[in-house]
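1. I'll drop the sequence and a predicted model, then ask my questions.
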Amino acid sequence: MSQQVRLGDVLGSNHEEDFKNFDLTEIHEVLEQLRDIDAIDLAHAEMLQQQSLRGADILIGYLSQMVKTVGYLESKVNSTKNKVSLEYVAPDGARTTVDMKKWAGESSPEVEAVQIKLAEAKAGKIVLERKYEILIKSHHHFKDIAAGLRKTILGYSSGTSNAGEGYE
C-alpha cells in the first residue's frame with residue numbers, strides 16, 4: 001500500500017516557504033529536452049506529452065506553496081506597517097501626529113524588508129506560472145502531433161468517423 005499524501009504535505013508546513021531553494025532541476029531537464037527534441041513517432045510523441053505533464057505536476061506543488069507564501073507576506077507587510085505605525089513616537093518628544101505615524105510605518109526598514117521578500121515571492125511565482133504554461137502548451141502540441149500520427153500512420157481517428165474508414 002502506498003504512503004498517504006495529504007494536502008498539507010503538498011502545501012508545506014511553514015507560512016513562508018523557502019521558495020528560493022525549490023528544486024527546478026527536473027523542470028529544467030524537461031524543458032531542455034522538449035526544446036531540443038522533435039517527436040519522431042507516436043510512442044515518442046506520447047512520451048513527450050507525459051514528460052510535459054510530469055513537469056507541470058511538479059510546478060503545481062510549488063505554485064501552491066508560492067500562493068500561500070505571497071498571501072502570508074502580504075498580510076505580514078500590513079501587520080508590520082501597522083505595528084510600526086502604532087509604536088512610533090516623535091523622537092524630539094513633540095506631539096506625534098497621525099501623518100507622522102503613517103509615514104513611519106510606510107518608511108520603516110522592517111516593512112521594507114518584508115516588501116522585498118514579497119516582491120521576490122511574486123517574481124518567483126510568475127517564473128513558475130510561465131514555466132507551467134510552457135509545459136501545458138508543449139503537452140498540447142505533442143498531443144496534436146500524436147493525434148496526427150495516429151490518423152495518418154495508423155488510419156485511426158479519435159473523433160467521430162464512419163466505422164471501418166481507413167481500413168480495408
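-> Looks like it came in fine.
2. which SSE is the most centrally placed residue in the chain in?
-> Nearest to the mean C-alpha position of the chain, by Cα atoms, centre = their mean, lies Leu63 at 3.2 Å. Secondary structure assignment for Leu63, by DSSP states H and E: helix 42-87.
3. could you give the mean pLDDT of that helix?
-> Taken as a whole, helix 42-87 has a mean pLDDT of 94.
4. ok, stretch 142-157 next?
-> When pLDDT is averaged over stretch 142-157, the result is 80.
5. next, count neighbours for Val114.
-> Burial of Val114 is recorded as 21 neighbouring residues (other Cβ atoms under 10 Å). Glycine gets a C-beta too; all of them are placed from N, C-alpha and C.
6. just Gln49 next, same as before
-> With neighbours defined by other Cβ under 10 Å, the count for Gln49 comes to 20.
7. tell me the contacts of it?
-> By Cβ atoms under 8 Å, 6 or more residues apart in numbering, the contact list for Gln49 reads 139, 142-143, 146.
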